[in-house]
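Chemist: below is the sequence, then the predicted model.
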Amino acid sequence: AGKIGVLALQGDVSEHIGAFERALGPGAETRVVAVRRAEQIADLDAIALPGGESTTISRLIEKNGMHRLLAEFEGGIFATCAGMVLVASEVDDPRVSPLGILDIGVERNAFGRQAESHEAYLEIAGLDEPFHAIFIRAPLASRVGAGVEVLARTELGVVAVRQGRHMAFSFHPELAGDLRLHRLFLENLSL
Ligand code: GLN
């Protein structure tokens, strides 16, 4: 029986908890918990870093003494939107202290004003059918390291990546009502 944490400092926490609970299914032994304190992190098999405001979440990570625990976390990380900004190695905004978990560089709010929020059907590596991707003031991966697998891109750039046990998305799988990416992530971790 595993334990999945959703970092609950700011952002769409309950949506992440609900999506993982549905992906695990009724009667699952793996539990999903909200993570508000640093002491909770070591005990987790996986952690989701939600969408929200990456500058705010970053400030709260530092304030709560979580930076090093997250940077050195040995389980899987499922990062969406602001979460993708946080797990990067470089971010184009000095207010974010990147965790350096994925070997990517990230540009915040990379889609420009006209496309601040938009939806698209994306081809994603590992999925048979396109995925309904919801983008909300989304980032792009502007640099992708050699050890990082690109799972999806749009004409503007890379929007989904995997590196080992970790996955990161510019968009919001937790809002899509489609749990295939959650299931892929859980299968990789045998959860
Ligand atoms: N633009 C936000 C940020 O960079 C992310 C938006 C989101 O998570 N929906 O923090």
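Modeler: Now that the structure is in, tell me what you want to look at.

Chemist: and Leu69, how many neighbours?
Modeler: A count of neighbours around Leu69, defined by other C-beta atoms under 10 Å, yields 17. Placement of C-beta: from N, CA and C, glycine included.

Chemist: residues in contact with the biggest helix by length in the chain?
Modeler: When the chain is scanned for its longest helix (criterion: DSSP state H), the result is helix 13-24. Identification of contacts with helix 13-24 by C-beta atoms under 8 Å, 6 or more residues apart in numbering yields 4, 6-7, 28, 30, 32, 34, 48, 50, 80, 172-175, 179, 182-183, 186, 191.

Chemist: let's see it at 10 Å
Modeler: Under the criterion C-beta atoms under 10 Å, 6 or more residues apart in numbering, residues 2, 4-8, 12, 28, 30-36, 46, 48-52, 78, 80, 83, 172-186, 191 lie in contact with helix 13-24.

Chemist: write out the residues of this structure neighbouring the ligand.
Modeler: 51-54, 81-82, 85, 108-109, 136-137, 139 (C-beta under 6 Å from any ligand atom).

Chemist: out of the residues you listed, which are inside strands?
Modeler: Ile136 (DSSP state E).

Chemist: which of the residues of the chain next to the ligand are buried? Put it as a ChimeraX command.
Modeler: Selection of buried members from those for ChimeraX, criterion 16 or more other C-beta atoms under 10 Å:
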select :51,52,53,54,81,82,85,108,136,137,139
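
Chemist: just the pLDDT for the spatially closest residue to Gly76 that is not a sequence neighbour.
Modeler: Excluding the flanking residues, the one nearest Gly76 by C-beta to C-beta, 6 or more residues apart in numbering is Arg165, at 3.8 Å. On pLDDT, Arg165 comes in at 97.

Chemist: thinking Arg165 is in contact with Gly75, fair?
Modeler: Yes: taking contacts as C-beta atoms under 10 Å, Arg165 lies within contact range of Gly75: 6.9 Å.

Chemist: who has more neighbours, those two?
Modeler: Ranked by neighbour count (other C-beta under 10 Å), Arg165 and Gly75 place Gly75 first, with 19 against 16.

Chemist: and Thr80, how many neighbours?
Modeler: 30.

Chemist: going forward, the N-terminal residue is numbered 525.
Modeler: Got it, first residue is 525 now, which makes that one Thr604.

Chemist: ok, now which ones touch it?
Modeler: 535-536, 539-540, 543, 572-576, 658, 660, 662, 684, 691-699, 705.

Chemist: lovely, talk soon.
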